[in-house]
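1. sequence plus the predicted model coming up.
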Amino acid sequence: MALSKPSPIDARRGSLTGKARRELASLAAYNGCHETGSLACVDGNGLAPRGALFNIALALLAAARQNPVAMLHINDLTYRIGPRLLFDHATVALVDGAKTGLVGPNGAGKTTLFKLITGELSPETGAVMVPKRTRIGQVAQEAPGTEDSLIEVVLAADTERASLFAEAETATDPTRIADIQMRLADIDAHSAEARAAIILAGLGFDEATQAGPCSALSGGWRMRVALAAVLFAEPDLLLLDEPTNYLDLEGTIWLESYLARYPRSVLLISHDRDLLNKSVDSIVHLDAGKLTYYRGGYDRFNRQRREQQALQLKMKKKQDDQRRHMEEFVERFRSKASKARQAQSRLKALSKLEPIISLADSTMLPFSFPEPAKKLAPPIVAMENASVGYDPARPVLTGLDLRIDDDDRIALLGSNGNGKSTFAKLIAGRLDPFSGSVRRAHNMQVAYFAQHQLDELKPDQTPYDHVRELMRDATEAQTRARVGAMGFVRTKMDTPAKNLSGGEKARLLLGLATFNGAHLLILDEPTNHLDIDSREALVQALADYSGAVILITHDQHLIEASADRLWLVANGTTEPFDGDVADYRRLVVEGPRKKKTSNGAAPQNRKVAAQDRRRNAADARAQTAALRKKIKETESLVAKLQKEIQALDSRLADTTLYNGDATKAADHARARSDATKKLAEAEETWLKLSAEHETAQAD
């Protein structure tokens, strides 16, 4: 079930809705019309066209929808950095409104392509084209550490809104005031603060933090504010480069949903399979200097890619057999007069035979985790009523009664700031409990990996040098063999750490952390700098590893592939989560009210008697009926508010409103702002009710 959408035409008024006006404005901007958009191009006054001009506008809209324009057109692009060719006559086009994932191995040139799109770099040959006056947005390096509140920082990202409000305070011409009010209405300026708050909340900021200064946040949290700012600004073309690197699982799940609903074009660099499956409708693959377009999400792209590889290999084998047969014929009959003409013909055909090049992905370098020397009896960690934190007066976690066995695979769920890393440090022995007890098995070896440890690598030392310090009695060949087992080729073995990529540094740190064969492996966000192939290699390494694993990650695919138990860190403690990742995802999407119920226990996982099941089924039917009723009521409210906003827009567009009492115009503007806020709340309610309805039906 979906929200009923208003028609692009309001037949009673013979005008276009705000959405249709914006769509027409985008079309006009692409074709070189001036800044006020296609409505001004059609009738010159920025208002909804009438009569014949109205029909022209409808014709333009219909044509545009049948033949959508390209938001991004890359044509015959060539670019190199030094001797390395990144783009070799690459061509691709993305239509307006497309949500596209940009994938490829690390170092292929994905971030460089963003710089070519924004104009920071210029191509050697070819062109990167976007429509005129297209607003391109990307995440700033970091939100400023000012005393401005988070809400103020995010609101400031919409420069047009700020400019219009400033002009409205000094404007005296009634026509210009009407234009300003109409434009403010079109961009939903009066609901801006509510929209900014929703985005910040989705990225993990509560109301108190939103009102606090940006300077109080750490670098990672400021990156979230910067992401919130660009999402709020809603650029025509949104460029996102690994946006989940600073998000927790909850933030990643929210971003998936938000990008899927984003009303404009998105080009997304990510190595997160779930994000690329749930948020985009197409994939562009960058490999060997070429850009190749695939329809669908990542899994569909991966399947198509494998099918193409298999077909290319088959065609190449067939051509190789044909070439070999022709060469044998020429060699055999070249000297025979009766066959000389045929041999020459075959030789000519052989020279014209275009070689088929098989599609080959870059080699996936494996991870390898050494096995522990001696198996330990379970449990290897046991906690009894333990509390831990950094201030005894204010412990982060309390009441910990848990055990970890020698073969457990446990993923920790919970928002950033709830204490997941604190819990991991307690298990690793880096923090002692304030009260209660934590017993660890005798001689237990723990390997602990966290992203902040990347800075602990010695920048001028190579991977070989780092490993050499741990193998002082080994030969060079033995040391290099061990470095090679970490996934480093010979040239990378001798590259200083400061010149390694983020993924290569993570690979080295993982190898050093697990060097001595750990019984317990604790991984805190291990995938942040790994490409998709490296993440798959990590999944395989964890599957081959026989020890226990504690996993903190925002990568849902890694959790689903590697963890067999889930623990939820929330409300000042850590407890087993009775459900799977899909259950937890539903809890996050449905919001706080649903999260409070029975620790997220999944109904389908409970063992109930047949009588209880029948009663539950009856209750579920009653619940879904009630939900359907609420959904219909909410849809009616949405339709009512949309009509109310349209009526207010019509009044605000009437220039005579500004000739008399100025307070009347202000009252209408406030009424529209209130209606817009109510509409946003109603739509949010509808989304939650729909999610609850889907969950109830699934159960």
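-> Sure, I can see it.

2. any idea how far residue 366 is from residue 488?
-> Distance check for residue 488 against residue 366: by C-beta to C-beta, to the nearest Å, it reads 11 Å. C-beta here means a position set from N, CA and C on the backbone, and glycine is covered the same way.

3. over to residue 506?
-> To residue 366, residue 506 is 14 Å away according to C-beta to C-beta.

4. neighbour count for those two, which is higher?
-> Set side by side, residue 506 and residue 366 give different neighbour counts by other C-beta atoms under 10 Å, the larger being at residue 506 (23 against 15).

5. which residues touch that one?
-> With contact set as C-beta atoms under 8 Å, 6 or more residues apart in numbering, residue 506 has these partners: 451, 454, 526, 528, 529, 530.

6. got it, and residue 190?
-> The neighbourhood of residue 190, defined by C-beta under 8 Å, 6+ apart, consists of 184, 669, 670, 672, 673, 676, 677.

7. out of those, which end up buried?
-> 184, 669, 672, 673, 676, 677 (16 or more other C-beta atoms under 10 Å).

8. where does the protein have low pLDDT?
-> Under the criterion pLDDT under 70, the flagged ranges of the chain are 1-69, 141-143, 329, 333-344, 346-364, 591-624, 655, 658-662, 694-699.

9. that's a strand at residue 550, yeah?
-> Yes: under the criterion used here (DSSP: H, G, I helix; E, B strand; the rest coil), residue 550 sits inside a strand.

10. which residue, other than its chain neighbours, is closest to it?
-> In this structure, residue 550 finds its nearest non-sequential neighbour in residue 522, 4.6 Å apart by C-beta to C-beta, 6 or more residues apart in numbering.

11. same check, this time on residue 156
-> Going by C-beta to C-beta, 6+ apart, residue 156 has residue 162 as its nearest residue, at 6.6 Å.

12. now for the helix or strand that neighbour falls within, which elements pack on it?
-> Element membership for residue 162, per DSSP states H and E: helix 159-170. In this structure, helix 159-170 packs against helix 174-186, with contacts taken as 3 or more C-beta pairs under 8 Å, 6 or more residues apart in numbering; DSSP states H and E.

13. may I see the buried residues of the helix it packs on?
-> Going through helix 174-186 with 16+ other C-beta under 10 Å, the ones that come out buried are 174, 177, 178, 179, 180, 181, 182, 183, 184, 185, 186.

14. residue 306: which of those residues is nearest?
-> Proximity of the buried residues of helix 174-186 to residue 306 was ranked by C-beta to C-beta; the top entry is residue 186 with 45.9 Å.

15. how about the helices in the stretch 351-500 of the chain?
-> Secondary structure of the stretch 351-500 of the chain (DSSP state H, counting those that start in this stretch): helices at 420-428, 463-468, 476-485, 490-493.

16. which strands and helices sit next to the second one?
-> When contacts are defined as 3+ C-beta pairs under 8 Å, 6+ apart, helix 463-468 sits against helix 476-485, helix 490-493, helix 502-513.

17. please identify the most buried of those helices.
-> A comparison of the helices and strands packed on helix 463-468 by mean neighbour count, using mean count of other C-beta atoms under 10 Å, puts helix 502-513 on top with a mean of 22.

18. still on that earlier bit, looking at the contacts of residue 506, state which has the most neighbours.
-> The member of the contacts of residue 506 that has the most neighbours, counting by other C-beta under 10 Å, is residue 526 with 27 neighbours.

19. make CSV out of the buried ones among the contacts of residue 190 and add distance to residue 296.
-> Below are those laid out as CSV (distance: C-beta to C-beta, whole Å):
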residue, distance to residue 296
184, 39
669, 44
672, 40
673, 40
676, 35
677, 37
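
20. nearest to residue 478, of those residues?
-> residue 677 (68.0 Å).

21. who are the contact partners of the closest one?
-> By C-beta under 8 Å, 6+ apart, the contact list for residue 677 reads 190, 191, 194.

22. let's see 7 Å
-> 191, 194 (C-beta atoms under 7 Å, 6 or more residues apart in numbering).

23. which residue, other than its chain neighbours, is closest to the residue sitting nearest the centre point of the chain?
-> Within the chain, one residue has its C-alpha closest to the average C-alpha position: by C-alpha atoms, centre = their mean, that is residue 275, at 4.8 Å. For residue 275, ignoring the flanking residues on the chain, the nearest one in space by C-beta to C-beta, 6+ apart is residue 256 at 5.6 Å.
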